[in-house]
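J.: sharing a model that was predicted from the sequence below.
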Amino acid sequence: MDSNQLLEQLNDAMANCIHQVHQSLVQISNGRGAGAGTIWHSDGLILTNAHVVRGHSHLNATLPDGWTLPTRVLAYDEALDLAALSVDAHDLPTIELGDSRQLKPGQWVMAVGHPWGVAGAVTSGVVIGIGANLPEMEQMQPGREWIALSLHMRPGHSGGPLVDAAGRLVGINTMITGPDVGFAIPVQVVKAFLKEQVGPKVEVVAV
């Protein structure tokens, strides 16, 4: 197999991977703007950032099939920048979980969301670092775990999935600190948040 064929196969594999991720990607509208969300459980549980829903009493979620449903907040943590939402829907497509603890600097990842209103847009790059001792974040929130990323996130990626090369969820996009530096909340932190705030039955995603 020559290099062109290998590259074509790689491109097809990545496109198929993102197609699967799109099945669990939602858009969260708060009346003044929109962010992204990730379907965590097939019975209508959605994960997003707290700052996407902060101060908004009327929220809607547009599902991958185009349906828009009213949304209620189940759990909210300002410090973690996480919110769990619920919609009245069942048998929704979910996303496979990865293990953020296994990430290494240089590993390829992709952030999916709706930057500037562009639905389902993807940006890719590599992991800079992971853990609770990242110098850039120690002064802001010491002790917090982060995934630092070298990729081009924009407003609207917030709350969307960060996935590895196999399309597995490894984090929730949360913020940018420069043109090509972003941060995500590790999926292990998300699982602990759900277990504590919502209940142990939703700690593990339904696949």
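T.: Received it, and whenever you're ready, just let me know what you need.

J.: how is the chain divided into domains?
T.: Domain assignment for the chain, taken from automatic domain parsing, gives 22-94+191-202, 100-187.

J.: just checking, which helix or strand of the protein averages the lowest pLDDT?
T.: Averaged element by element with mean pLDDT, DSSP states H and E, the chain has its least confident helix or strand at helix 135-138 (a mean of 63).

J.: pLDDT at the residue positioned nearest the centre of the chain, what is it?
T.: In the chain, the residue lying closest to the centroid (Cα atoms, centre = their mean) is residue 161, at 2.2 Å. Per-residue pLDDT puts residue 161 at 97.

J.: what's near enough to touch it?
T.: 21, 24-25, 36, 38, 95, 111-112, 169, 171-173 (Cβ atoms under 8 Å, 6 or more residues apart in numbering). From N, CA and C alone the C-beta is placed, and that goes for glycine too.

J.: if we go to 6 Å?
T.: 38, 112, 169 (Cβ atoms under 6 Å, 6 or more residues apart in numbering).

J.: in the protein, which spans are helices?
T.: 3-22, 50-53, 135-138, 187-197 (DSSP state H).

J.: helices and strands around the second one, which ones?
T.: By that I understand helix 50-53. strand 82-86 (3 or more Cβ pairs under 6 Å, 6 or more residues apart in numbering; DSSP states H and E).

J.: next, the angle from the strand it packs on to helix 187-197.
T.: 60 degrees (axes from the mean of the first three to the mean of the last three Cα atoms, to 10 degrees).

J.: tell me where the model's unsure across the chain.
T.: 1, 135-142, 200-207 (pLDDT under 70).

J.: picking up where we left off before, neighbour-wise, give me the winner out of the contacts of residue 161.
T.: Neighbour counts for these, by other Cβ atoms under 10 Å, peak at residue 38, which reaches 27 neighbours.
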